[in-house]
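Chemist: I'll drop the sequence and a predicted model, then ask my questions.
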Amino acid sequence: METRRQVLSMLFSDIWGYSQLKNNDLYVKIQAFNQEFKRQFLNAENHCFCNTWGDAFFICSYDPLDLAEIALNLRDKFINTHWKRMGFPTEQSVRIGLHAQQVEIVIEDGIVKDIVGENVNATARIEPIVDPNEVFCSSTLFKLVTADPNLKFKGVALGKKPLAKNFGEMELYQLLRSDKMDVEIPKPIPKERSWHLPYPQNPFFTGRDEILDDLHAALSDDGTAALTQTQAISGLGGIGKTQIAIEYA
């Protein structure tokens, strides 16, 4: 066994609110998700070490560009997974932190067995302060990935942020892809649509996904129905029946 000191790019991630899950079946589904991600996006060329426990990933790469791509793929897979359809009470969100610095690489028989050192601890302290479904990276890693002439990545400067567990401050960036499909702001302006209801749409409407899904299923039934057949939402006064109907429209 040997120990080698070298600069590595490091990723820590976890699921926001994971500790609130109480159903063992949901833990199993998280494990299956992690395994599927590894099969889809990790290979012998793009990383040198991967460890996972519970909901967390610790992934290292010799190439910061490869690790940045892994991080954004993980973010996108979380965003594009329909967690509530899988039985989760809410949509799940991931927090991902990246850093690049010298570490101690423990190697046995040519295989990386562990990554240790103070800079590993520093990387682990980025992830807890990341916004849900975002990737934050240190200025060190950001400079490495944006030095690429292909300009695959860009970022939003966040300034100096206090790291978790009183680990000091670090200058951070929100990491994004450079293509036009990965932008933070401005959001695309929706096209105007026809609106003939007697009430305006409520911009603060939230929740009620299950009711909206049931309503859509009832109105989308492929069975034969009269043209004048209607659906009604019933319930006590003041529970939001009108708002649900407006939101569905």
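Modeler: All right, it came through fine.
Chemist: can we go C-alpha only for contacts and neighbour counts from here?
Modeler: Fine.
Chemist: least confident secondary structure element in the protein?
Modeler: Sorted by mean pLDDT, DSSP states H and E, the helices and strands of the chain end with helix 209-219, the least confident at a mean of 67.
Chemist: what's the separation between Glu2 and Ile107?
Modeler: 5 Å (C-alpha to C-alpha, to the nearest Å).
Chemist: just Phe58 next, same as before
Modeler: Distance from Phe58 to Ile107, by C-alpha to C-alpha: 17 Å.
Chemist: do Asp76 as well
Modeler: 32 Å.
Chemist: where along this protein do the strands fall?
Modeler: For the chain, the strands defined by DSSP state E cover 2-16, 49-53, 56-61, 93-108, 111-116, 134-138, 153-162, 169-177.
Chemist: deepest in the core, which of the ones you listed is it.
Modeler: When you average the neighbours per residue for each of those (mean count of other C-alpha atoms under 10 Å), strand 134-138 leads with a mean of 25.
Chemist: run the angle between that one and strand 2-16 for me.
Modeler: Interaxial angle of strand 134-138 relative to strand 2-16 (axes from the mean of the first three to the mean of the last three C-alpha atoms, to 10 degrees): 150 degrees.
Chemist: quick one, strand 134-138 and strand 153-162 angle?
Modeler: Here strand 134-138 points in a direction 70 degrees away from that of strand 153-162 (the same axes, to 10 degrees).
Chemist: packing partners of strand 134-138?
Modeler: Judged by 3 or more C-alpha pairs under 8 Å, 6 or more residues apart in numbering; DSSP states H and E, the packing partners of strand 134-138 are helix 64-80, strand 93-108, strand 169-177.
Chemist: please state the offset of it from the chain centre?
Modeler: 11 Å (C-alpha atoms, centre = their mean, to the nearest Å).
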